[in-house]
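Colleague: Next input, structure requested:
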Amino acid sequence: MSRCNTKFSLQFSKLLVCFLLLFNAPLWATTTPEVTVKSLIDKDNKEEQSEQKAAKQEPEVSSPAASEEKETALEDDLPFDTYGRMTPRSSMQGYLKAARARDFERAAQYLDFRNLPKDVSIIGQLQLAENLSVVLDRTLWIDIDNLSNKPEGKQKESVPSYRDLVGEISTSQGTVQILLQLIPDPESGNRIWKISNATVSQIPLLTKEYGYSHVGEWLYKNLPDVEFLGVLLWQWVYFVFSFLLFLAIAIILTRIITFILAHLKVPVEKDVIAFINGPVCLLLAVLMSRSLSDQSNVTIAVLALFHGATVLLIAWGWICLRTVDIVKHRLGQRFIKQDRPQVVFLLRPISNVVKTSIVIILLFMWFENLGFNATTLLAGLGIGGLAIALAAQKTVENIIAAITLYISAPVKIGSLCKFGSQLGTIEEIGLRATRIRTLDRSVIYVANAKFVDMQLENVSERERISYRPKLMLSANTKQQNLISFMQAVRELLEQHKHIAFEPCRVRFKAFSPWALQVDVLSYVETVDFAFYMEVIEELNLAILGLLNEHECELANPEFARVTD
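Modeller: Below is the predicted model of the structure:
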């Protein structure tokens, strides 16, 4: 039943992820828009720099006499206008700045209201200026730097010489051009740039197709004029509450799915249920909010934030990380059943590497979505990465050594081994060091890179334990006594039920002026060290009795010291 559960869980997870990928395919296939979060930040920086530059230039006008003469000459060359409408760029910049501050009385000074149809004029100048601002926020990203900064305009465009093209907006009735037009100023008599009356007459049509919804309109008029990254406060509130609504729907849907799965004949494991209720629920909410949200309140700045896909990437990151955990858990169960526990310990560092790679990839995708060049970021991190790599050289060596220990498996967790002059039990093979418990119950940490190069003797892998007592008999022992003693020892070993039949050797190996050396080689058929001690204690007592029985004495070590 457990094997069936695991197989069903894996198949269900694969189908679920494939469904989500297919549902989200249009999103991943979209190209990078012209406007990104980086564009919004750059726009704010440009406006701040232009304001600071203007503030710095003000005192220069009244300081030295030479500057006054230069400014006077400049004013003679260029017509002066209170609202800065001398060039297409300055005029459009003034309108956008006033509209952004919701000063539509000032913004109306940049629109040409001459010869408008009666149904357009009745709307009112302030409302027309405000409606145009809403339409531009939703449809057209205006790069001020692309507009002409000359009094005569660009001159080389597909429009008359007295007009400059700002951009085009597609509607159900055709394309509407946003034009700036050079017109006479009735107050000063100079020629100034304003948004053309041909464009102003199309504002009702543009508002009908690109105006906010009723909810958006109410929030727009009643919430404070606060914005962040070009997105107004009411839009943040609207889309956050929309996402919370879709999140509630996703929670209900996923709970229904898990309820159905819980009552199937083939039960689903708890980690799959948690996978559905957690990351899948969040991803489903994000996909619904991106696909089903009311588009009538989406501006270009909101689209730029949407393309950043911050919450979406968090959801996908959560999906991928939890998938790695589930796969690691399933593989661990499989390897344990296959009696390969050492591979289970290798899954942990591998899964950590995979998770780290996933996070890094998602971070670079996020930076690309925000408008930053990931290649530039990589190049910038090149030198820093080299320094980090040099600093982490030992760490990398230890990680590679840990993987080597897991793959080659000279020792395993729980193995009793000799390394160098130490003897102990392996408790953990970490990414940096191996933890070993000695016979004195102290703990030793050995770096993996050093441990893997040591001569390792795995005591736990022996199939039996040798019994080799050091028998040094006195040099005065008689030959007949020696022969009968060795024969008795041989019979003792051969008849003992826990001594292996082969090899079982008792030989007169060598002699010296002070001792006769008897070589004994046999094996106790056990790997239990406590039981081994019981067996050799029994054998040692029996051999001691044979020494007394055959009148053999052990050599006196004092004679050895005298001889030496």
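Colleague: any low-confidence regions in the protein?
Modeller: 1-80, 155-157, 265-266, 340-343, 345, 374-392, 559-564 (pLDDT under 70).
Colleague: can you pull the contacts of the most centrally placed residue in it?
Modeller: The C-alpha lying nearest the average C-alpha coordinate of the chain belongs to residue 359 (CA atoms, centre = their mean; 1.2 Å). Residues in contact with residue 359 (CB atoms under 8 Å, 6 or more residues apart in numbering) are 317, 321. All C-beta spots, glycine's among them, are computed from the backbone N, C-alpha and C.
Colleague: try residue 542
Modeller: Contacts of residue 542 by CB under 8 Å, 6+ apart are residue 492.
Colleague: and the closest residue to residue 469 other than its chain neighbours, what helix or strand is that in?
Modeller: Excluding the flanking residues, the one nearest residue 469 by CB to CB, 6 or more residues apart in numbering is residue 520, at 5.4 Å. Using DSSP states H and E, residue 520 sits within strand 515-524.
Colleague: Could you list every helix and strand in contact with that strand?
Modeller: Helices and strands touching strand 515-524, by 3 or more CB pairs under 8 Å, 6 or more residues apart in numbering; DSSP states H and E, are strand 465-467, strand 471-474, helix 479-495, strand 505-511, helix 529-549.
Colleague: re earlier: for the residue nearest to residue 469, give its distance to residue 502.
Modeller: 15 Å (CB to CB, to the nearest Å).
Colleague: Neighbour count for those two, which is higher?
Modeller: Between residue 520 and residue 502, counted using other CB atoms under 10 Å, the more crowded position is residue 520 (20 against 7).
Colleague: That one: what's it in contact with?
Modeller: Per CB under 8 Å, 6+ apart, neighbours of residue 520: 467-469, 471, 489, 493, 505-506.
Colleague: again with residue 247
Modeller: 281-282, 285.
Colleague: Confirm it sits in a strand?
Modeller: No - under DSSP: H, G, I helix; E, B strand; the rest coil, residue 247 sits outside any strand and is assigned helix.
Colleague: Can you get me a residue count around the spatially closest residue to residue 125 that is not a sequence neighbour?
Modeller: Distance criterion CB to CB, 6+ apart; nearest residue to residue 125, sequence neighbours excluded, is residue 108 at 4.3 Å. By other CB under 10 Å, the residues close to residue 108 number 20.
Colleague: now swap in residue 320 and tell me
Modeller: 19.
Colleague: Spatially nearest residue to it (excluding sequence neighbours)?
Modeller: Residue 320's closest residue in space is residue 358 (CB to CB, 6+ apart), at 4.8 Å.
Colleague: so which helix or strand takes in the one you found?
Modeller: helix 341-370.
Colleague: Run the chain-centre distance for that helix.
Modeller: 7 Å (CA atoms, centre = their mean, to the nearest Å).
Colleague: so the residue nearest to residue 320 makes contact with residue 317?
Modeller: Yes - between residue 358 and residue 317 there is a contact at 6.5 Å, judged by CB atoms under 8 Å.
Colleague: rewinding a little: of all the helices and strands packed on strand 515-524, which gets the most neighbours per residue?
Modeller: Mean neighbour count (mean count of other CB atoms under 10 Å) peaks for strand 471-474 among these, with a mean of 18.
Colleague: Touching that strand from outside, list them.
Modeller: 482, 485, 515-518, 520, 543, 552-556.
Colleague: can you tell me which two in the residues you listed are farthest apart?
Modeller: Using CB to CB, the pair of the contacts of strand 471-474 lying farthest apart is 520 and 556, separated by 20.3 Å.
Colleague: rewinding a little: separation between the residue nearest to residue 469 and residue 535?
Modeller: When distance is defined by CB to CB, residue 520 is 14 Å away from residue 535.
Colleague: Could you do residue 526 as well?
Modeller: Counting by CB to CB, the gap from residue 526 to residue 535 is 7 Å.
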